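In: Here is my input; please provide its structure:
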Amino acid sequence: MSTAIVTGQPVPGSSLENDLRSLGFDVRVAADAAEAETLLAAVPADRRVALVDSRFVGHPHALRLGLTDPRFPLAAVPGAVTAQPAARQALTRAVARETSAGTGTAGEPAALAPGGAPALAPDSLADHVVTALDAEGGAVHRPELGSLVATVPADPQARNEARQAVAAVDDEAVRLKSAVKSRDGFFTTFFISPYSRYLARWCARRGLTPNQVTTASLLTALIAAGCAATGTRGGFVAAGVLLIASFVLDCTDGQLARYALKYSTLGAWLDATFDRAKEYAYYAGLALGAARGGDDVWALALGAMILQTCRHVVDFSFNEANHDATANTSPTAALSDKLDSVGWTVWLRRMIVLPIGERWAMIAVLTAATTPRITFYVLLAGCAFAATYTTAGRVLRSVTRRARRTDRAAQALADLTDSGPLAETIGRVAGRGLPGLAVPAVALLGGAAVVASSALTGFGGVLPVAGALVYVLTSALAVARPLKGALDWLVPPFFRAAEYGTVLALAGRAGVNGALPAAFGLVAAVAYHHYDTVYRIRGNAGAPPAWLVRAVGGQEGRTLLVTVLAAVLTASQFKAALTVLAVAVALLVLVESIRFWVSAHKGGAPAVHDEGEPA
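Out: Numbering: from 1, shown residues only. From the prediction side, this is the model:
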């Protein structure tokens, strides 16, 4: 249980202590700073602790935002400050300094704000502690309260005015509205969130956790995939309905996390990972359903998964490359910001990038009304257009801005390339690597060489192996120096397209039943590894361990291995080899990933919650 230390003499009629208990705090009272310091020292080191001025007036949700958010080691609202175990020492030092300075004595006259209005009481220990933490360089989070009230009135008149302000704002309505992501897609904003927020509140009141809702969303999507796999019209209709239901639950878990402030490292990973698992499992279900009707669309399903994964890698790489870039200005970015000020262009631009809401709604409707083949054709066309639009815009931003990218950004891009021992060894021999724009150009040409040689020659030839050797060399040269160039963020998606495209091309050329489903499984396993790398970087946990990258060969090693297998094995043996490789990679990356995220969660890793672009 968390502990709240209420400082100062209790105020008659105040609901503060009850509000704190409703938020899960064990409330203790300190008459002055010295007693507060003593009580603080007695609180176990593994507990969250808060200092709250007894004269605080505000909404319970303002206290919830300021004192219970697990993402921030230090947080504060006027009259209250909290510290998680990681920041307890900083809080203890600040309180000790204020005790020595004599802060927290009652009876000092209230200051007047500009215009003669009563200001906050100058003897608020919590506010003095926050000032001390700021002076020490502590990162104190201050939540945006909007219309919510959080104040320490300086006199009875100000207290009455503050209480009237609290009564004028519906705390629960604000809380419910803030549960909805501030920036989302058109379909989600207007067709899901208006009612899913109430579902989130229903879940919160029954003690359900975001992770439980996330799991329910996954199970619903898997049932939808199973319905699609039946190959019947009734199954397709049920699949479309269940896919939308799964998306409603997918929105609900995030809204529940925001409503109840139940963020966690494990939850963020589950939410992101399950989104990918749901969508790609549904692709497989559609392909199985089509096969039952005599139509083989496995190549389309694999192509859709490759295109969608590459789109995500473009997003991740661009964002990481510019995460902390300095002098980050661009006329293209300025134009984009200007367009965002025009209402209809905002929604149009959000829709044409085909975010998860629009994409899943389109897939669900097409599944119910058409065939899997048509569904994949439209999906591929829509995703290709969206990928072209977003990538072109980001290329323009990159070439028109003058930015200096940091070592952190270069390391993140290097981790995203997933380069293995072959690339590392050749890169060390190559020395300084390639200059400027030659890096993405060489990565693109090398990838095109291996994919083209695999797609345009008959199965079993040695030309794909030669293309793969060229690719190993070019990919090694591309990563031989730090990726700090203007367009170096394109290198990871080029590598993804080359590796996945090679597997697709060779499996398609094999011409045996089951080769493409095996290739689908292999790409899914490798894509999971690449997504896991992204989520670790986003969570500031670094990349997967080097031994794992070496164990699965690195992207260039796997590409070369697949071409060699295609050259030396028969088509049936190649199918079996792809299956074995898929199982081996899946086991390695899944076991290590689950071990890492569960350990991070149990070890008290800082909670994260992604409020970025819809995926």
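In: Could you pull out the buried residues of stretch 212-224?
Out: Of all the residues in stretch 212-224, those buried under the rule 16 or more other Cβ atoms under 10 Å are 213-214, 216-218, 220-224. Where you see a C-beta, it was placed from the backbone N, CA and C, and this is true even at glycine.
In: quick one: contacts of that stretch?
Out: In this structure, residues lying in contact with stretch 212-224 by Cβ atoms under 8 Å, 6 or more residues apart in numbering are 203, 238-243, 245-247, 249-250, 252-253, 256, 267, 270-271, 274, 277-279, 281-282, 285.
In: Name the residues of the longest helix along the chain that are buried.
Out: What stands out as the longest helix in the chain, according to DSSP state H, is helix 571-602. Across helix 571-602, burial judged by 16+ other Cβ under 10 Å covers 571, 574-575, 577-579, 581-582, 585-586, 588-589, 592-593, 596-597, 600-601.
In: and it, what other elements does it pack with?
Out: If contacts are counted by 3 or more Cβ pairs under 8 Å, 6 or more residues apart in numbering; DSSP states H and E, helix 571-602 sits against helix 265-292, helix 491-510, helix 515-538, helix 546-551, helix 554-568.
In: Contacts only, for Gly447.
Out: 471, 474-475, 494-495, 497-498, 501.
In: where do the strands sit along the protein?
Out: In the chain, the segments counted as strands under DSSP state E are 2-7, 25-30, 49-53, 57-58, 74-77, 80-83, 140-141, 150-151.
In: Nearest to Gly436, out of those?
Out: strand 140-141 (40.0 Å; Cβ to Cβ).
In: For the closest one, which outside residues touch it?
Out: Against strand 140-141 from outside (Cβ under 8 Å, 6+ apart): 69, 71-72, 74-76, 81, 130, 133-134.
In: Hmm, Ala291 is touching Ala284, no?
Out: No. Ala291 sits out of contact with Ala284 when judged by Cβ atoms under 8 Å, with a separation of 10.5 Å.
In: Neighbour count: these two, which is higher?
Out: Ala284 (20 against 17; other Cβ atoms under 10 Å).
In: okay, that one: pLDDT?
Out: Confidence at Ala284, expressed as pLDDT, is 98.
In: Please tell me how far it sits from Ala272.
Out: Counting by Cβ to Cβ, to the nearest Å, the gap between Ala284 and Ala272 amounts to 19 Å.
In: for Cys227, same thing?
Out: Cys227 is 25 Å from Ala272, by Cβ to Cβ.
In: the more surrounded of these two?
Out: When neighbours are counted by other Cβ under 10 Å, Cys227 and Ala272 differ, and Cys227 comes out ahead with 24 against 20.
In: Out of the strands of the chain, flag the one nearest Ala452.
Out: strand 140-141 (51.2 Å).
In: strands paired with that closest one, and their directions?
Out: Strand 140-141 has the following strand partners under DSSP bridges: strand 74-77 (parallel).
In: Residues contacting the partner strand, please?
Out: 58, 62-63, 65-67, 69, 81-84, 87, 90-91, 126, 130, 133, 138-143, 145, 150.
In: hmm, try it at 6 Å
Out: The contact list for strand 74-77, computed with Cβ atoms under 6 Å, 6 or more residues apart in numbering, reads 62, 66, 82-83, 87, 130, 138, 140-142, 150.
In: pLDDT averaged over it - what is it?
Out: Here the average pLDDT along strand 74-77 is 97.
In: go on, stretch 433-449?
Out: For stretch 433-449, the per-residue pLDDT averages 90.
In: So which bits of it are buried?
Out: 433-434, 439-444, 446-449.
In: Could you dump those into CSV and include distance to Leu487?
Out: Converted to CSV, the buried residues of stretch 433-449 look like this (distance: Cβ to Cβ, whole Å):
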residue, distance to Leu487
Gly433, 15
Leu434, 12
Val439, 8
Pro440, 5
Ala441, 9
Val442, 12
Ala443, 10
Leu444, 10
Gly446, 15
Gly447, 15
Ala448, 16
Ala449, 19
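In: now, the most widely separated pair of those?
Out: Most distant of the buried residues of stretch 433-449, by Cβ to Cβ, are Gly433 and Ala448, 19.7 Å apart.
In: what's the closest residue to Ile244 other than its chain neighbours in contact with, if anything?
Out: Take Ile244 and drop its neighbours on the chain: the residue closest to it by Cβ to Cβ, 6 or more residues apart in numbering is Ala364, 5.1 Å away. Ala364 sits next to 240, 243-244 when contact means Cβ under 6 Å, 6+ apart.
In: any idea how far Ala364 is from Ala245?
Out: For Ala364, the distance to Ala245 - Cβ to Cβ - is 9 Å.
In: got it, and Val399?
Out: Val399 is 44 Å from Ala245, by Cβ to Cβ.
In: And the helices in the stretch 151-300 of the chain, which stretches?
Out: Secondary structure of the stretch 151-300 of the chain by DSSP state H, counting those that start in this stretch: the helices cover 156-168, 171-178, 186-187, 193-205, 210-229, 233-260, 265-292, 298-321.
In: tell me the mean pLDDT for the second one?
Out: This means helix 171-178. 96.
In: Does anything pack onto that helix? Which helices or strands?
Out: Packed against helix 171-178 by the contact rule (3 or more Cβ pairs under 6 Å, 6 or more residues apart in numbering; DSSP states H and E) you find helix 60-67.
In: which residues are contacting the helix it packs on?
Out: Taking Cβ under 6 Å, 6+ apart as the rule, helix 60-67 contacts 19, 23, 50, 75, 77, 80, 82, 143, 145, 148, 150, 171, 175.
In: Please convert the buried members of the contacts of strand 74-77 into PyMOL selection syntax.
Out: This is how PyMOL selects the buried members of the contacts of strand 74-77, with burial counted by 16+ other Cβ under 10 Å:
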select buried, resi 62+66+82+83+87+130+138+140+150
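In: any chance of the contacts of strand 74-77 in TSV, with distance to Gly234 and pLDDT too?
Out: Putting the contacts of strand 74-77 into TSV (distance: Cβ to Cβ, whole Å; pLDDT from 0 to 100) gives the following:
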residue	distance to Gly234	pLDDT
Ala62	51	97
Gly66	52	97
Thr82	54	98
Ala83	57	97
Ala87	56	95
Val130	61	95
Gly138	60	86
Val140	57	96
His141	51	96
Arg142	54	96
Ala150	54	96
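In: need the contacts of strand 74-77 in CSV with distance to Arg373, can you?
Out: Shown next, in CSV, are the contacts of strand 74-77 (distance: Cβ to Cβ, whole Å):
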residue, distance to Arg373
Ala62, 54
Gly66, 54
Thr82, 56
Ala83, 58
Ala87, 56
Val130, 61
Gly138, 58
Val140, 56
His141, 50
Arg142, 53
Ala150, 57
